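In: I would like to see how this sequence folds:
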Amino acid sequence: MSGRGLLGWPTWVGVVVEDLGSQRRFWGQLLGEPDSDAGPDYVQFDMGDGRRFELIERSKEPEYDRVRFQVGFEVDDIHKVRDELIKRGVEPITEIVADANTPWAYFRDPEGNVFEIKQRTSSTAS
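Out: Numbers count the residues shown, from 1 in each chain. Next up, the predicted model:
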């Protein structure tokens with residue numbers, strides 16, 4: 001935590017796109033080649049200093065149908081931060097998911113925008 005609030009500055013920003021292939025080419029021309037962290041429905045660009053820009057293909061799942069962007073925050077203790085967010089009335093979308101050894105969870109703000117918290121790992125700590 002930054003000392004200013006429960007969450008610090010975002011470590012990544014994601015934009016939801018309709019056509020991942022064409023957007024990957026467009027942003028690749030502007031930002032350089034995406035790094036190796038890519039999946040069938042997303043690609044990330046390493047912006048340096050632990051920051052990432054992510055393109056996310058639009059989900060067909062109803063709970064994410066309004067999502068146009070996503071902001072992600074790394075936290076030191078995902079369980080503690082998740083509990084505190086819920087205590088403050090923030091709506092959780094998922095439980096904590098252990099994916100690729102890096103736990104994460106999604107939440108929704110009062111207007112329905114999705115944001116993510118992700119456990120900080122020793123390789124992402126600055």
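
In: going forward, measure contacts between C-alpha atoms and count neighbours the same way
Out: Fine.

In: Enumerate every residue touching Ile86.
Out: Pro92 (Cα atoms under 8 Å, 6 or more residues apart in numbering).

In: Look up phi and psi at it.
Out: Per-residue torsions, Ile86: phi -60, psi -40 (degrees, to the nearest 10).

In: Could you find the residue nearest the spatial middle of the chain?
Out: Closest to where the C-alpha atoms of the chain average out (Cα atoms, centre = their mean) is Gly72, at 3.5 Å.

In: In terms of helices and strands, where is it?
Out: Element membership for Gly72, per DSSP states H and E: strand 69-75.

In: Val16 now?
Out: strand 12-17.

In: Would you map the helices across the protein?
Out: Secondary structure of the chain, counting by DSSP state H: helices at 20-31, 78-87.

In: Can you tell me which of these has the worst average pLDDT?
Out: Here the lowest mean pLDDT among those goes to helix 20-31, at a mean of 87.

In: Now it: buried residues?
Out: Leu20, Gln23, Arg24, Trp27 (16 or more other Cα atoms under 10 Å).

In: Same list, these, but as a markdown table with distance to Glu57 please.
Out: Formatted as a markdown table, the buried residues of helix 20-31 follow (distance: Cα to Cα, whole Å):
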| residue | distance to Glu57 |
| --- | --- |
| Leu20 | 6 |
| Gln23 | 10 |
| Arg24 | 10 |
| Trp27 | 14 |
